[in-house]
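Enquirer: sequence first, predicted coordinates after that:
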Amino acid sequence: MEKFVINGGNRLNGDVFISGAKNAAVAIIPAAILGEGPCVLENVPNINDVTVCLKILSEMGAEVRLLNKNTIQIDAKHIRDTVVPYEMARSIRASYYFLGTLLTKFNHAKVSMPGGCALGDRPIDQHLKCFKALGANYSIEHGMVEISAEKLAGTQIYFDKITVGATINAMLAAVKVEGLTILENAAREPHIVDLANFLNSMGADIMGAGTDVIKIRGVNRLVGTNYAIIPDQIESGTYMVAAAATGGDVTIRNIIPKHLEPISSKLTKMGVLIEESDDSLRVVGSNRPYERMNLKTMPHPGFPTDMQPQFAALLTLSNGTSIITESIYEDRFRYVDELRRMGADISVDGKVAVIEGVEKLTGAPVKAADLRAGAALIIAGLCAKGSTEIEDIYHIERGYEDMAFKLRAIGANIEKRKFPGPDAMRIAL
């Protein structure tokens, strides 16, 4: 097993280069199945979730070539199997995107119920609603979701709630379906726009991505393409918060600043200096405690739920009482007990966390409960007095590329160490 060991107190300084977006990559990789020629994807993050997606493609018969660390070529012409390998599929949430791609290509798909971080109930009812509206039938037996159709047809779909996953799956399922499909109350996240741009580069006809109404006119054929994945909004935000928390001076490079506006505005309100350039942001922290902050997670363009734990770590050292309301996932505060071990003063009542700022945090042995919880513990460890040891870091490596290396490059005292224990290379559900 492996853990991160952090000796806190160092001020972060320098440049951080952001990797490709995890949430875009894990949708675009399954979408490559739809091309009639090879797809070359650039700026692909080298993270565990991407590795699992690529292994799924290989197991199904696709030719996957690593052209360099962050460039992948996928040729799916030999895929005939419409059943996604069970153990790999159940290890990541994004496996359900194979439902949409296989359905539109073969009129059949069978995939296990998805896994990923344990953030509470995340049903797939809106996904199934979309498939049924397009003309498919479905069943769920023995942990597997099976969908099939004799013929799919364009339709109008209204989402009962804003859902990123179902919006993406509906786009994937409808892209080659005869007629016009209209998605209403659609999610608007940057990775949805990125998927639409990727599909359009293959010959799709998708309009309105980034708004709450997406129109998809089905096409007969999609071709191979070369495409560069957008920078990761959440990785960018994580390093922004780390810079602020340590009173550092860090320039975040290879980003799209507009995607970061919900994060930047909160940091600015707390007293962090942010200077914006075309493809970078300079974050200058303060040596004085930051102002308290109330925030509520919301679908894009609201404050992202995936940044909530990192901000909680920052707010533990702020002045006064801060309140965080989580409106997306019911079990997102699982990291709170670990921050308390480090001296944080946080109480949770349902979907609301009340944070009383403290003078200091102290290092402690802690465990990452999920991907973003792990990032929050790293930020807390960077600020804490003494040594912090973070176990279960496979969660963190699901979504952050070379995090320890990037942090060391800007002055953090962090290293990865092996320690005795059972094999932790599995990806926990």
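Expert: Structure received. Numbering: from 1, shown residues only.
Enquirer: could you pull out the helices for the stretch 251-400 of the chain?
Expert: Taking DSSP state H, counting those that start in this stretch as the criterion, the stretch 251-400 of the chain carries its helices at 261-270, 308-315, 336-341, 371-383, 394-397.
Enquirer: go on, the stretch 51-200 of the chain?
Expert: Using DSSP H, counting those that start in this stretch, helices in the stretch 51-200 of the chain cover 86-89, 97-106, 125-134, 164-174, 190-201.
Enquirer: which one of those lies nearest to I56?
Expert: Nearest of the helices of the stretch 51-200 of the chain to I56, taken as C-beta to C-beta: helix 86-89 at 5.2 Å. C-beta coordinates here come from the backbone N, C-alpha and C atoms, glycine included.
Enquirer: tell me the pLDDT of the nearest residue to F106 once chain neighbours are set aside.
Expert: Nearest residue to F106 in three dimensions, chain neighbours excluded: T82, at 4.9 Å (C-beta to C-beta, 6 or more residues apart in numbering). At T82, the pLDDT value in this model is 92.
Enquirer: equivalent analysis for T251, please.
Expert: 98.
Enquirer: kindly report the same for the one 5 residues further on.
Expert: The predicted structure scores I256 at 97 on the pLDDT scale.
Enquirer: run a quick check on it versus I230, I expect a contact.
Expert: Yes - in terms of C-beta atoms under 8 Å, I256 counts as a neighbour of I230; the distance is 6.4 Å.
Enquirer: okay, and the common contacts of the two?
Expert: P190 (C-beta atoms under 8 Å, 6 or more residues apart in numbering).
Enquirer: more neighbours: which of the two?
Expert: I230 (24 against 15; other C-beta atoms under 10 Å).
Enquirer: want to throw the helices of the stretch 251-400 of the chain into CSV with mean pLDDT and mean neighbour count?
Expert: Below are those laid out as CSV (pLDDT from 0 to 100; neighbours: other C-beta atoms under 10 Å):
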stretch, mean pLDDT, mean neighbour count
helix 261-270, 97, 17
helix 308-315, 98, 28
helix 336-341, 98, 19
helix 371-383, 97, 28
helix 394-397, 95, 23
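Enquirer: ok so, going back, a markdown table for the helices of the stretch 51-200 of the chain, including distance to A380, mean pLDDT and mean neighbour count?
Expert: Putting the helices of the stretch 51-200 of the chain into a markdown table (distance: least, C-beta to C-beta, whole Å; pLDDT from 0 to 100; neighbours: other C-beta atoms under 10 Å) gives the following:
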| stretch | distance to A380 | mean pLDDT | mean neighbour count |
| --- | --- | --- | --- |
| helix 86-89 | 32 | 83 | 18 |
| helix 97-106 | 33 | 96 | 25 |
| helix 125-134 | 35 | 96 | 21 |
| helix 164-174 | 27 | 97 | 26 |
| helix 190-201 | 27 | 98 | 22 |
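Enquirer: pipe these into a markdown table and attach distance to G343 per row.
Expert: Listed next are the helices of the stretch 51-200 of the chain as a markdown table, based on distance: least, C-beta to C-beta, whole Å:
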| stretch | distance to G343 |
| --- | --- |
| helix 86-89 | 40 |
| helix 97-106 | 41 |
| helix 125-134 | 41 |
| helix 164-174 | 35 |
| helix 190-201 | 35 |
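Enquirer: to S148, which of those helices lies closest?
Expert: Closest of the helices of the stretch 51-200 of the chain to S148 is helix 97-106, at 7.9 Å (criterion: C-beta to C-beta).
Enquirer: low-confidence stretches in the protein?
Expert: 115-122, 421-429 (pLDDT under 70).
Enquirer: need phi/psi at the residue of it most remote from its centre.
Expert: Centroid-distance maximum for the chain: E150 at 33.8 Å, with C-alpha atoms, centre = their mean. In terms of degrees, to the nearest 10, the main-chain angles of E150 are phi -80, psi -40.
Enquirer: where along the stretch 301-429 of the chain do the strands fall?
Expert: 321-325, 345-349, 352-356, 365-367, 387-391, 414-418 (DSSP state E, counting those that start in this stretch).
Enquirer: so which elements touch the second one?
Expert: Put plainly, it is strand 345-349. helix 336-341, strand 352-356 (3 or more C-beta pairs under 8 Å, 6 or more residues apart in numbering; DSSP states H and E).
Enquirer: need these in TSV (columns: distance to V223).
Expert: What follows is the helices and strands packed on strand 345-349, written out as TSV (distance: least, C-beta to C-beta, whole Å):
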stretch	distance to V223
helix 336-341	48
strand 352-356	48
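Enquirer: which of the ones you listed sits closest to I328?
Expert: The nearest among those, by C-beta to C-beta, is strand 352-356 at 13.4 Å.
Enquirer: just the C-alpha atoms of that closest one, please, in CSV.
Expert: The C-alpha trace of strand 352-356 is given here as CSV (Å, rounded to 0.1, in the frame of the first residue of the first chain):
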residue,chain,number,x,y,z
VAL,A,352,-25.0,21.6,6.1
ALA,A,353,-21.6,21.9,7.6
VAL,A,354,-20.8,24.7,10.1
ILE,A,355,-17.1,25.5,10.3
GLU,A,356,-15.6,27.5,13.1
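Enquirer: in that strand, what's buried?
Expert: Buried positions in strand 352-356, judged by neighbour count with 16 or more other C-beta atoms under 10 Å: A353, I355.
Enquirer: next, the angle from it to strand 321-325.
Expert: Taking axes from the mean of the first three to the mean of the last three C-alpha atoms, to 10 degrees, strand 352-356 and strand 321-325 form an angle of 160 degrees between their directions.
Enquirer: show residues contacting strand 352-356.
Expert: So strand 352-356 is contacted by 312, 315-316, 318, 320-326, 333, 336, 344-348 (C-beta under 8 Å, 6+ apart).
Enquirer: what subset of those residues is buried?
Expert: Counted by 16+ other C-beta under 10 Å, the contacts of strand 352-356 give A312, L315, T316, S318, S322, I324, E326, F333, V336, A344, I346, V348 as buried.
Enquirer: out of the residues you listed, who's nearest L382?
Expert: T316 (12.4 Å).
Enquirer: enumerate every residue touching the closest one.
Expert: L339, G343, A344, D345, I346, I355, G357, V358, L361, A380.
Enquirer: any chance of the residues you listed in JSON lines, plus distance to G218?
Expert: Formatted as JSON lines, those follow (distance: C-beta to C-beta, whole Å):
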{"residue": "L339", "distance to G218": "49"}
{"residue": "G343", "distance to G218": "57"}
{"residue": "A344", "distance to G218": "51"}
{"residue": "D345", "distance to G218": "55"}
{"residue": "I346", "distance to G218": "49"}
{"residue": "I355", "distance to G218": "49"}
{"residue": "G357", "distance to G218": "54"}
{"residue": "V358", "distance to G218": "56"}
{"residue": "L361", "distance to G218": "54"}
{"residue": "A380", "distance to G218": "49"}
